[in-house]
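**Q** Structure of the sequence below:
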Amino acid sequence: DRTVRTSSDGESLRGIPVLGIIPRLRRLEDAAEGASAMAGRGLPLIVAMDPLDPAAEAYRNLRMNLTFMSTEDQPIRSILFSSPGPSEGKSTTAINFAVMLAQQGQRVLVIDADLRRPSLHRALDVLREPGLANLLIGDADPREAVRPNVLPNLDFLPSGPFPPNPSELLNSKAMGRLLEDLEGRYDQIVIDSPPVLAVTDAAVLAVHTDGAVLVLRSGETEQRTAERSVEQLRRLGVRVFGAVLNEVSAATPDESYYLQYYYSYHPSGSGGGARWKRLREGLSRVRFFG
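**A** Below you'll find the predicted structure:
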């Protein structure tokens, strides 16, 4: 087995730390119709819908680890999330991390910079256009493209229309100037990008940010592809903050001891289950979007 399954496997990849271990997301069986529809879009906003879920606590741990990596000499204002290949959870991780920062009281902008296969606009239930591509070609200004307060303290910049030259747009001077301008308006900018090895978009875009986080799917991402992703980013001078091990099963021997702490504090039993159901029903009535 040459896949990355545990945090030890992840930390052996060119010496990068594992910043978060995200357990496999469980189906929200008792969620209301609106929340179920959101979960069905493929990007479960577990931090917003189920803030007491073990996965939400794992995202808090990721937020804490990245916060402590930001220093006065090297502040972290913009973070790019990517993965070696598709379907490894980079978009889900990026949006949940952004929501977690916003819940902390920071003013956050999340950017869908995947100009080839964008998905965040569906998760947040907003139109894809106008968006980032429009800004980069001068066809719109930030007031038209940025969707304010999709969640409290969280603004969103969708991808925009599909351009014929996404790599060139993301590597342009216009992209650098845009990020510099946006960093002056927000405490944190979180960027979702295409996979590192599939296209060059993520690597050239990461140059304009403070650094990148690689999302690896436990039992799926091969160690060699993860290593090549780190090498490709570092070759361009990109700071790789670390990796997030996603979709970790509690049955994984090396992680079961760690994950049991998350699940042991999840409401259980008849009394706890009833309180949990009432809480989730209350959360489902909150208008999170729009």
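**Q** what ranges do the helices span in the chain?
**A** Remark: helices assigned in the chain by DSSP state H are 7-11, 33-39, 46-49, 54-69, 90-103, 120-123, 132-136, 142-145, 166-170, 173-183, 201-206, 223-235, 253-264, 269-284.
**Q** any weak-confidence spans in the stretch 101-250 of the chain?
**A** In the predicted model of the stretch 101-250 of the chain, residues 250 satisfy pLDDT under 70.
**Q** ok, 90 please
**A** Within the stretch 101-250 of the chain, the set of residues satisfying pLDDT under 90 comprises 103-104, 123, 198, 218-224, 226, 246-250.
**Q** neighbours of residue 180, just the number please.
**A** Per other Cβ atoms under 10 Å, the neighbour tally for residue 180 reads 11. All C-beta atoms are positioned from the backbone trio N, CA, C, and that covers glycine.
**Q** what do you get for residue 201?
**A** 23.
**Q** dump the residue contacts of it.
**A** Counting by Cβ atoms under 8 Å, 6 or more residues apart in numbering, residue 201 makes contact with 113-116, 166-167, 170, 193-194.
**Q** farthest-separated two in those residues?
**A** Pairwise distances across the contacts of residue 201 (Cβ to Cβ) peak at 12.1 Å, for the pair 114 and 167.
**Q** what about these two, which has more around it?
**A** Neighbour tally, residue 114 and residue 167, criterion other Cβ under 10 Å: the higher count belongs to residue 114, 25 against 18.
**Q** so who does the more buried one touch?
**A** 91, 159, 192-194, 201.
**Q** would JSON lines of the residues you listed with distance to residue 215 be doable?
**A** Conversion of the contacts of residue 114 to JSON lines gives the following (distance: Cβ to Cβ, whole Å):
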{"residue": "91", "distance to residue 215": "9"}
{"residue": "159", "distance to residue 215": "18"}
{"residue": "192", "distance to residue 215": "10"}
{"residue": "193", "distance to residue 215": "11"}
{"residue": "194", "distance to residue 215": "12"}
{"residue": "201", "distance to residue 215": "16"}
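**Q** Quick check, residue 87 in contact with residue 217.
**A** Yes - A contact is recorded between residue 87 and residue 217 when judged using Cβ atoms under 8 Å, the distance being 7.4 Å.
**Q** Any idea how many residues pack against the closest residue to residue 77 other than its chain neighbours?
**A** Spatially, and ignoring its direct neighbours in sequence, residue 77 is nearest to residue 183 (5.0 Å; Cβ to Cβ, 6 or more residues apart in numbering). Around residue 183 there are 17 other residues, counting by other Cβ under 10 Å.
**Q** Cool, thanks, signing off.
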